[in-house]
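Enquirer: 3D model of this:
(chains A and B)
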Amino acid sequence: MTQPVVVIDQLQKNFGSFKALKDITLTVNPGEVFGFIGPNGAGKSTTIRTLLGILQKSGGRATIFGQDVWTDAVAIHKRLAYVPGDVYLWPNLSGGEVIDLFLRLNDQAHTARTDALIQKFDLDPRKKARTYSKGNRQKVALIAAFSTDAELYIFDEPTSGLDPLMEEVFQQEVLALKAAGKSVLLSSHILSEVERMCDRIGIIRDGRIIETGTLDDMRQLSRTQVTVTTTLPLASIQSLPAVHHFDAPDAHKATFAVDSEALGSVMSALAPLGITALQSTPPTLEDLFLRYYNQEGGEADAQH
Amino acid sequence: MRNTNTKAGFLLRSALRRDWLKITLWLIGLAGLMAGAAAKFDTLYGTPKTMATIVETLKTPAMVSLLGPFTASKPYTVANVYAAEMMVFMGLFVAMMNIYFAVHATRAEEDSGVAELIRAHAVGRSASLSAAVLELIVINLGAGVLEALGLQASGMSGTDIAGNWLFGLGLAAFGLMFGAFTLLAAQIAESGRGATIISYSWLGLLFIARMGTDIQDPDLTWWTIYGWIEKLEIYDGNNWAPVGLMLALTALVGGVALWLGTTRDLGAGLLPQRNGRRTASAFLRGPLALVARLERTSTIIWLVSLFILGATYGSIFGTAGDLMASNPTMAKLIGTTGLRLANRAIVLSFANKLAIIFVILATIPGLITLFRLNRDERHGYFEQLHARSVSRARLYFSVAGFGLVCAIIAFALAVLGMTAAGAASMGADMPSLARFMRAFWGYAPALIATFGVAALLVGLLPKWQNLAWALPAYGFFSLYLGSLMDFPKWAQQLTPYGWVNNVPLRQVQWGPAAWMTALGLALLIAGYLAYARRDLLEN
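Expert: Next comes the predicted model:
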């Protein structure tokens, strides 16, 4: 078993009396793309900044490549590349200068790949950073990161300023990294992006990781939406413990949610009723996400 | 007719609400300084003997270059001396205040993106700029009235009501004029920083021109604009004409600024935005090269200007060190050899005063660079750097080291410029370069100590780092004017600059020089230790 690239164990971070991170525990394994999702202010960026040694942890443990993120920051940073969500660049440097500077700070050089990326992301590297839009500043950081030969890539909402075309380029590049066996920690708001690229997902809320696992695992813990039409009346189904939100426009047709792990037993109960049409939709990441976030608002029974 | 000034009044009120603390501090500072000094002058120059001495001093070319000419007619009053000592000096302060507020209210808002939000609302195209103009008028008028009342209350002998109000309102008009220059610069430049650089360059140019004409021919001073403030002849002729000139020029420059403001794009300057390099130069490799690249333009400006300033002052050594011309009776009395020695002593004492100005000016670029550690951090510029393999030690010592070395070089260049131009103007009587370098060896340690204090603040109390500006500001005030105002020794020794003896006239005291240097470097390292242990600032 290879050693995980990132290990965060019960990480805490306080700003004065405010507890920004209460309990962050997650691991990123070699060659995997880990999706880190959560709403604004949940602690995603604080976690990442702590991982980068910009902030000092208040408790717990965090290592990258088996080294402590605070004391061995420089050694770790030699092997990683990072793109923040809000990229700010010195206004009087050109994009090209910044890209080269970032590469050289990690002892890397401007290569043909750098030029290819500049082309691919459609950036004019001669413009001063002052004239760049948010998306263009993000491209500068992305180009520098993608042309860095690293083992771990950390992206903190990297596509928030990119247009859909550029977002597609970004996804291609991340998938290329994945194919090359690199590890990626991707914090994102764009759930379709996470759904498409990530092997495993961690959901953070209010300074805590509340769920980690593969998308399939999470689906297991969730409910499947079922719409069914039967020849016999459906009334008996409503009383099954695994069935929720039962909505029947008439006696023979109903729409309801089923706890995913009980899908089989519900199907067995439906079969004798004579199914004429059946449609089942697995939950999207968005459904999962909203479910986790609505837990506080009265839907406490949501899980099981 | 569409109104381009819609909501200017509303913007003015919110600007005043935003800036009230800064405005209050500036006004209290200015009026307090004027009134406080005025209240003290009677005890300083109350007797005919002290009066005669100070008037003689003020008439020497050295003092004329620093403070402007003493033009009052006999019999002299304490108020005449006060006006001569304070006018040019206060003008400098008022101009600096206006440059600060004018940039703060215009380009700084554009740079931060606030102006864009405001412009998107139902406000007129020129409303922001008009509000800035109105804010400057309110600030200057407030300062002028407070200063006049302060003078009134001081009860200094020789003052009159007309003179008090002319002093206050004259400074107000003078300040407003520099506010207008800055508003114009804000339209031309491409950023707040650019506008500040243009404004200070213009102020410096006018100040140096004024110095030159005051020494050569005070009538020519009319052409230097800055010199208008001397022509008010406060407590003597009480001449209101320069106020009219100032207001006319203010209206003209302000009008051009307003016009340009409506024609240009928000966030863009009139100076074209040139393209940069496609790739970085081979030189841009690490944090030190990065700081050098970022500070390139301003470092060159500082080094060149300090050399020019030094040379400008040095060029009057020939006149300053000519006792025969300024005091013939005395000159005849002491004979040729004595005269030569006396001339040298005058020049060397003058060089001491100049060295204080130079070292304090040289401190400024050093601190600006040093404060980049937190400023760029807050702007988010350094976040990418921290994620690369750049240790905090490397970043801290690159930035601090570059700032300190530049400040020391700037100071050395000023002393060298002074010596070079002095040699040209004095000829054979000129003391040697080594003699003048005493000023460098004496004051450079004070610069290092001040820098160390600032570095400690950067590491330990990043939010309060600007407090460090109090050291050069108060040092300048206490040593430049403090000696004229008979400040007690302890009040002059509140900053490291006050711990230096009268170099280059006297020998360098190597003991204090050594421990001040050691203190400065120790504080620099202490600042690092604090910096390395804390969270970095987040934007």
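Enquirer: quick one: secondary structure of the closest residue to chain A within chain B?
Expert: Of all residues in chain B, the one sitting closest to chain A is B:Gly276 (2.7 Å; Cβ to the nearest Cβ). To be clear about C-beta, it is placed using only N, CA and C from the backbone, and glycine gets the same treatment. Under DSSP: H, G, I helix; E, B strand; the rest coil, the three-state class of B:Gly276 is coil.
Enquirer: just the pLDDT for the residue of the stretch 151-300 of chain A found nearest chain B.
Expert: Nearest to chain B in the stretch 151-300 of chain A, going by Cβ to the nearest Cβ, is A:Ile154, at a distance of 7.7 Å. Note for A:Ile154: predicted pLDDT of 95.
Enquirer: the nearest residue in space to B:Phe371 that is not next to it in sequence and B:Tyr531, how far apart?
Expert: The shortest distance from B:Phe371 to any non-neighbouring residue, by Cβ to Cβ, 6 or more residues apart in numbering or on different chains, is to B:Gln465 (5.6 Å). Going from B:Gln465 to B:Tyr531 by Cβ to Cβ, to the nearest Å gives 11 Å.
Enquirer: need the overlap of contacts for those two.
Expert: Residues touching both B:Gln465 and B:Tyr531 by Cβ atoms under 8 Å, 6 or more residues apart in numbering or on different chains: B:Val458.
Enquirer: what about the residue of the stretch 151-300 of chain A closest to chain B, helix or strand, and which?
Expert: Following DSSP states H and E, one finds A:Ile154 within strand A:152-156.
Enquirer: and the contacts of that strand?
Expert: Strand A:152-156 has contacts (Cβ under 8 Å, 6+ apart) with A:5-6, A:28, A:44-45, A:48, A:51-52, A:64-65, A:79-85, A:145, A:174, A:177, A:182-188, B:387.
Enquirer: and B:Ala195, how many neighbours?
Expert: 27 (other Cβ atoms under 10 Å in any protein chain shown).
Enquirer: buried ones in the host helix or strand of it?
Expert: If you go by DSSP H and E, B:Ala195 is part of helix B:192-216. For helix B:192-216, burial by neighbour count (16 or more other Cβ atoms under 10 Å in any protein chain shown) applies to B:192-200, B:202-204, B:206-215.
Enquirer: next one: stretch B:3-13
Expert: For stretch B:3-13, the neighbour count (16+ other Cβ under 10 Å) marks B:Thr4, B:Asn5, B:Thr6, B:Lys7, B:Ala8, B:Leu11, B:Leu12 as buried.
Enquirer: now it - C-alpha only, PDB.
Expert: What follows is stretch B:3-13, C-alpha atoms only, in PDB (Å, rounded to 0.1, in the frame of the first residue of the first chain):
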ATOM      1  CA  ASN B   3     -26.300  66.500 -15.000                       C
ATOM      2  CA  THR B   4     -22.800  65.100 -14.700                       C
ATOM      3  CA  ASN B   5     -22.600  66.000 -11.000                       C
ATOM      4  CA  THR B   6     -25.700  64.200  -9.700                       C
ATOM      5  CA  LYS B   7     -25.100  63.000  -6.100                       C
ATOM      6  CA  ALA B   8     -21.800  64.800  -5.700                       C
ATOM      7  CA  GLY B   9     -23.100  66.200  -2.400                       C
ATOM      8  CA  PHE B  10     -24.000  62.700  -1.200                       C
ATOM      9  CA  LEU B  11     -20.600  61.400  -2.300                       C
ATOM     10  CA  LEU B  12     -18.900  64.300  -0.400                       C
ATOM     11  CA  ARG B  13     -20.800  63.400   2.800                       C
END
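Enquirer: so B:Glu538, which of the three states?
Expert: Looking at B:Glu538 with three-state DSSP, the answer is coil.
Enquirer: from what I see, it and A:Arg49 are in contact.
Expert: Yes: B:Glu538 lies in contact with A:Arg49 (Cβ atoms under 8 Å); the separation is 7.4 Å.
Enquirer: please say which of these two ends up with more neighbours.
Expert: Neighbours around B:Glu538 and A:Arg49, counted as other Cβ under 10 Å, are more numerous at A:Arg49. The numbers are 21 against 14.
Enquirer: just give the nearest non-adjacent residue to that one, would you?
Expert: Using Cβ to Cβ, 6+ apart and skipping the chain neighbours, the partner closest in space to A:Arg49 is A:Leu55 (4.7 Å).
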